[in-house]
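Take this sequence and fold it.
(one chain, ligands or ions: 1)
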Amino acid sequence: MIGGVSATQLAAEFGTPLFVIDEADFFGRATAWRDALQGAFGDRAGTVYYAGKSFLCKEITRWLDVVGIGLDVCTGGELAVAKAANFPMSRVEMHGNNKSESEIRSAIEAGVATIVIDSFMEIDRVGAIAKELGKTQRVFLRLTPGVEAHTHEFISTAHEDVKFGFSIASGAAWKAIAEVSSCESLELAGFHSHIGSQIFNSEGFAAAAQKLIALLAQYRDEYKKELPELDLGGGYGIAYLPDQETLVPATVLTELAAVVKAQCAAHGLAVPMISIEPGRAIVGPTTTTLYTVGTTKDVTLDDGAIRRYVSVDGGMSDNIRPALYDAEYHAIIANRSSDAPTVNTRVVGKHCESGDIVIRAIDLAADCGPGDLLAIPATGAYGRSMASNYNHIPRPAVVAVIDGKARLIVRRESHEDLLALDI
Ligand code: LLP
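Numbers count the residues shown, from 1 in each chain. Next comes the predicted model:
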């Protein structure tokens, strides 16, 4: 059962593969982050900007609006979703290391609260477009505090050798501050850092905050005023496997608040408004992917052991994370219970590629076979949002379930949808 609806019923009504999002769980997590920020920082609590890249559609923006939190978009496409759903632009923050002029223009025209500036060229671009539109645009500078986050290299972003932001250590950040400050159409509102994703040790967040606060103090000394806001990004880790634990918002933010308050006190600074950008931690655990098993096959390994391949009707097109980051997932047979002994199983997709693996190794009931439903928990973040049409497979639907009712929030693509692009 998910949200009071059985997996069998969901599969029968909407087909598989299917992303099933537990709406009450989404509200619970979004609210918990909002309340934890409030609880930890009190009147210094800024905004929780949900990272839209983790999963975005119009219905999600409506939910964010009900909870009263903000949205982080990083492309014109994500901005277009927010606009289409009439999400309040006063709670939108625009990211991106290579925003096009038209993306910058539509963000400023729409009235986004903040643009996070990522390069020197962008200071000029945002400044010029704001001036042309007769506006003063509020901006953050994205900074790389030189923190090595303990996560996969491709999702770690704040060490020095990355494409994002201005390095503090090299002096680029200080130069960027001077450039933004001398631009009349830009209002520097604060600094931003995002050290990476799926992070569990809070020292990383604390270390980044310390570097940013030291720079706030340097700014105060030079410019004789204090910047009002710090955005410390997202990256809070979640459980994918039964023996893992999702970070608890109140715990991690209380720890962070202690560091921020102590550092500000040490520098004689007022505590700035603190904002954060969780994506995965809000949507990741809310969603389960349902697949139907098609075939099974036993292969004999070099040591004589048997590995069973269980093939499902999706794979790397709806979940690229195992192929891209060696991400691990768990599976549950979702249409029945089984007392059968388990067998060493690899759950694979239907793509023409041997790296098309959903789960590299899991002990699954030996009687799992064609027609069974497999439920893969915690696929809400970077699953549907990173989905592709590899092998011309239509991307799955997303269904929201709550109180025993299911409704479609993103419909399944069809072959006609894909063919409609061909000239
Ligand atoms: N803020 C910024 C500036 C970001 O770049 C990101 C993620 C977030 C917030 C949200 O991070 P979260 O709280 O969701 O960890 N595709 C990868 C993750 C890449 C994250 C990119 N930026 C994955 O599937 O693990």
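
Burial check on the residue nearest to residue 338 when sequence neighbours are not counted, number of neighbours?
Leaving out its chain neighbours, the residue that sits closest to residue 338 by Cβ to Cβ, 6 or more residues apart in numbering is residue 365, at 3.9 Å. For the C-beta atoms, the positions are set from N, CA and C on the backbone; glycine is no exception. Residue 365: 18 surrounding residues under other Cβ atoms under 10 Å.

Could you list which residues are in contact with residue 365?
Residue 365 is in contact with 333, 338, 339, 340, 341, 342, 343, counting by Cβ atoms under 8 Å, 6 or more residues apart in numbering.

For it, which residues count as its bridge partners?
Under DSSP bridges, the beta-bridge partners of residue 365 are residue 342.

For stretch 399-414, measure first residue to last.
Taking Cα to Cα, to the nearest Å, stretch 399-414 runs 16 Å from one end to the other.

what residues does the stretch 1-150 of the chain put near the ligand?
Contacts of the stretch 1-150 of the chain with the ligand, taken as Cβ under 6 Å from any ligand atom, map to 51, 53, 54, 72, 95.

In a markdown table: the residues you listed, plus neighbour count, secondary structure and pLDDT.
Output for these, formatted as a markdown table (neighbours: other Cβ atoms under 10 Å; DSSP: H, G, I helix; E, B strand; the rest coil; pLDDT from 0 to 100):
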| residue | neighbour count | secondary structure | pLDDT |
| --- | --- | --- | --- |
| 51 | 30 | strand | 98 |
| 53 | 21 | helix | 98 |
| 54 | 25 | helix | 98 |
| 72 | 30 | strand | 98 |
| 95 | 27 | coil | 98 |
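
Count the neighbours of residue 83 for me.
Number of residues near residue 83 (other Cβ under 10 Å) recorded here: 18.

Return the distance of it relative to residue 45.
To residue 45, residue 83 is 26 Å away according to Cβ to Cβ, to the nearest Å.

same check, this time on residue 85
25 Å.

So the two - more neighbours on which side?
Between residue 85 and residue 45, residue 45 has the larger neighbour count (other Cβ under 10 Å), namely 20 against 17.

The more buried one contacts residue 273, correct?
Yes. In this structure, residue 45 is within contact of residue 273 by Cβ atoms under 8 Å, at 7.2 Å.

What are the contacting residues of the biggest helix by length in the chain?
Looking across the chain with DSSP state H, the single longest helix is helix 202-223. Residues from elsewhere that reach helix 202-223 (Cβ under 8 Å, 6+ apart): 143, 145-150, 158, 168, 173-174, 177, 181, 191, 193, 195-196, 199, 226-227, 230, 232-233, 235, 252, 255-256, 259-260, 263-264, 267-269, 272.

Tell me the first helix or strand C-terminal of that helix.
Where DSSP states H and E defines the elements, the next helix or strand beyond helix 202-223 is strand 229-231.

Could you identify the helix or strand that succeeds that next one?
Next along the chain after strand 229-231, taking DSSP H and E as the criterion, comes helix 249-267.

List the buried residues of that next one.
Within helix 249-267, the residues scored as buried using 16 or more other Cβ atoms under 10 Å are 249, 252, 253, 256, 257, 259, 260, 261, 263, 264, 267.

before we move on, what about stretch 362-378?
Here stretch 362-378 shows 362, 364, 365, 368, 372, 373, 374, 375, 376, 377, 378 as buried, counting by 16+ other Cβ under 10 Å.

Is there contact, residue-wise, from that stretch to the ligand?
No. Using Cβ under 6 Å from any ligand atom, stretch 362-378 never reaches the ligand; the gap is at least 11.2 Å.

If you average the pLDDT over that stretch, what comes out?
Averaging pLDDT along stretch 362-378 gives 98.

can I get the CA coordinates of that stretch in CSV?
Taking C-alpha atoms only, stretch 362-378 is exported to CSV below (Å, rounded to 0.1, in the frame of the first residue of the first chain):
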residue,chain,number,x,y,z
ILE,A,362,19.9,-8.1,-3.7
ASP,A,363,18.5,-11.3,-2.1
LEU,A,364,15.1,-11.6,-3.7
ALA,A,365,12.5,-14.3,-3.2
ALA,A,366,13.3,-17.1,-5.6
ASP,A,367,9.7,-17.3,-6.8
CYS,A,368,9.8,-13.7,-8.1
GLY,A,369,8.8,-13.9,-11.8
PRO,A,370,6.9,-12.6,-14.7
GLY,A,371,3.9,-10.4,-13.8
ASP,A,372,5.2,-9.6,-10.3
LEU,A,373,5.5,-6.0,-9.3
LEU,A,374,8.7,-4.7,-7.9
ALA,A,375,8.6,-1.5,-5.8
ILE,A,376,11.8,0.5,-5.6
PRO,A,377,11.6,3.0,-2.7
ALA,A,378,13.2,6.5,-2.5
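
Now list the buried members of the contacts of residue 365.
Among the contacts of residue 365, those classed as buried by neighbour count (16+ other Cβ under 10 Å) are 333, 343.

TSV please, covering the contacts of residue 365 and showing pLDDT and distance to residue 401.
TSV is the format used below for those (pLDDT from 0 to 100; distance: Cβ to Cβ, whole Å):
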residue	pLDDT	distance to residue 401
333	98	19
338	97	24
339	96	28
340	98	28
341	98	32
342	98	29
343	97	31
